[in-house]
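**Q** prediction below, plus the sequence it came from.
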Amino acid sequence: MARKKIALIGSGQIGGTLALLAAQKELGDVVLFDVQEGIGPGKALDIAQSAPAQGLAASLKGTSEYKDIKDADVVIVTAGVPRKPGMSRDDLLEINLKVMEQVGAGIAKYAKNALVICITNPLDAMVWALQKFSGLPANKVIGMAGVLDSSRFIHFIAEELGVSTEDVTAFVLGGHGDTMVPLTRYSTVAGIPLTDVVKMGWMSKEKLDSIVQRTRDGGAEIVGLLKTGSAFYAPAASAIAMAESYLKDKKRVMPAAAYLDGQYGVKGTYVGVPVVIGAGGAEKVIEISLNSAEQKAFDKSVGAVEGLIEACKKIAPKLA
Ligand code: A3D
């Protein structure tokens, strides 16, 4: 059986970590693309030289030419610029939209059968634009945000309760931004909803509320600490989990930015929802019932994403 091919568009902090994780998990051959010549080949060589010490059968290549991504099975996009302290994700819109146009053209030409996972911020608007620019079917273009946001939520809950992260599940809906909606009623510790964890007196309501807020601010907290860029280990691990579910047809139910065509009463927008990820890409959007407070928070989040999409259409009229 031929080895799978994983193309990484953008070989910066997240791109390099994606390459290392893909090699360590032996998901397939890795191509590191970047407009900055040298960065892809440099990281490819460094990781390839780590393979003997790790006992890995890794094959990596760095490039600045789109033809090298030809027939990739998975394309993970981090090309663009990350946040610096004081910047919101939305501040990146104009510059990263231009990057999505170039990346979309490269994918359309060389990798039109791939599953495309976008990570570039502002996430929901960029994945929407990338799907338009590439012309790939909407079920084959998804955005990574919810797995990361859930992972952050799980980490904070497990740390607070002193339990294993393996026994905590978390559910985060909505756009990747300040309006994301961590759903406590659908998040559990060993199957016990967090709302019951509070009722049982295991955690106070105030503590849970502060963890919800810390999850929303999770990206900014790391930007504030690093000062020179944004998070990269957890975002890369999250996207690799999505790629793995696709490549191995695991059909995991994962929160992802998916194209909504009427689900949740939303049409024509990408937003974070639970999705079955398998060999067919985003195979099914799971529609859960929301209470009125959750629906209100979700609507607000969708409104924020729609505002960014309108801004994209103004900058690039061909997207309208
Ligand atoms: P960084 O280390 O700067 O890497 C980005 C790379 O993209 C650089 O090596 C650039 O040279 C390259 N690049 C720029 N323009 C192009 C282009 N036109 N074609 C190909 N490559 C290009 O950033 P990073 O890896 O830390 O972050 C990448 C993106 O992910 C940023 O937009 C972040 O905001 C975003 N991000 C998203 C999340 C989510 O959860 C959605 C989390 C963390 C970061």
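**A** Now that the structure is in, tell me what you want to look at. Since we're looking at a predicted model, the values are computed, not measured.
**Q** helices or strands next to the longest helix seen in the chain in the packing?
**A** In the chain, assigned by DSSP state H, the helix with the most residues is helix 292-315. Identification of packing neighbours for helix 292-315 by 3 or more Cβ pairs under 8 Å, 6 or more residues apart in numbering; DSSP states H and E yields helix 93-110, helix 123-134, strand 172-173, strand 181-182, strand 267-278. For glycine as for every other residue, the C-beta is placed from the backbone atoms N, C-alpha and C.
**Q** can we see that at 6 Å?
**A** Under the contact definition 3 or more Cβ pairs under 6 Å, 6 or more residues apart in numbering; DSSP states H and E, helix 292-315 sits against helix 93-110, helix 123-134, strand 181-182, strand 267-278.
**Q** how about the residues of the chain near the ligand?
**A** Remark: the part of the chain in contact with the ligand comprises 9-15, 34-36, 39, 78-83, 92, 96, 99, 102-103, 119-121, 123, 144-145, 148, 176, 219, 229-232, 235, using Cβ under 6 Å from any ligand atom.
**Q** circling back to that earlier point, residues of the longest helix of the chain that come out buried?
**A** Neighbour-count burial for helix 292-315, counted by 16 or more other Cβ atoms under 10 Å, picks out 294, 297-299, 301-302, 304-306, 308-309, 311-312.
**Q** looking at the stretch 101-250 of the chain, which residue is nearest the ligand?
**A** Distances between the stretch 101-250 of the chain and the ligand by Cβ to the nearest ligand atom are smallest at N121, namely 3.4 Å.
**Q** next one: the chain
**A** G12 (1.9 Å).
**Q** ok, that residue - how many residues close by?
**A** 20 (other Cβ atoms under 10 Å).
**Q** returning to that earlier point: compare the helices and strands packed on helix 292-315 and say which comes out lowest on pLDDT.
**A** Mean pLDDT is lowest for strand 181-182 among the helices and strands packed on helix 292-315, at a mean of 92.
**Q** counting contacts, what elements does that one pack onto?
**A** For strand 181-182, the packing partners by 3+ Cβ pairs under 6 Å, 6+ apart come out as helix 292-315.
**Q** quick one: mean pLDDT for the helix it packs on?
**A** 94.
**Q** centre of the chain to it, how far?
**A** In terms of Cα atoms, centre = their mean, to the nearest Å, the centre of helix 292-315 is found 18 Å from the chain centre.
**Q** which residues does that helix contact?
**A** Helix 292-315 is contacted from outside by 93-94, 97, 122, 124-125, 128-129, 173-175, 179, 181, 266, 269, 271, 319-320, using Cβ atoms under 6 Å, 6 or more residues apart in numbering.
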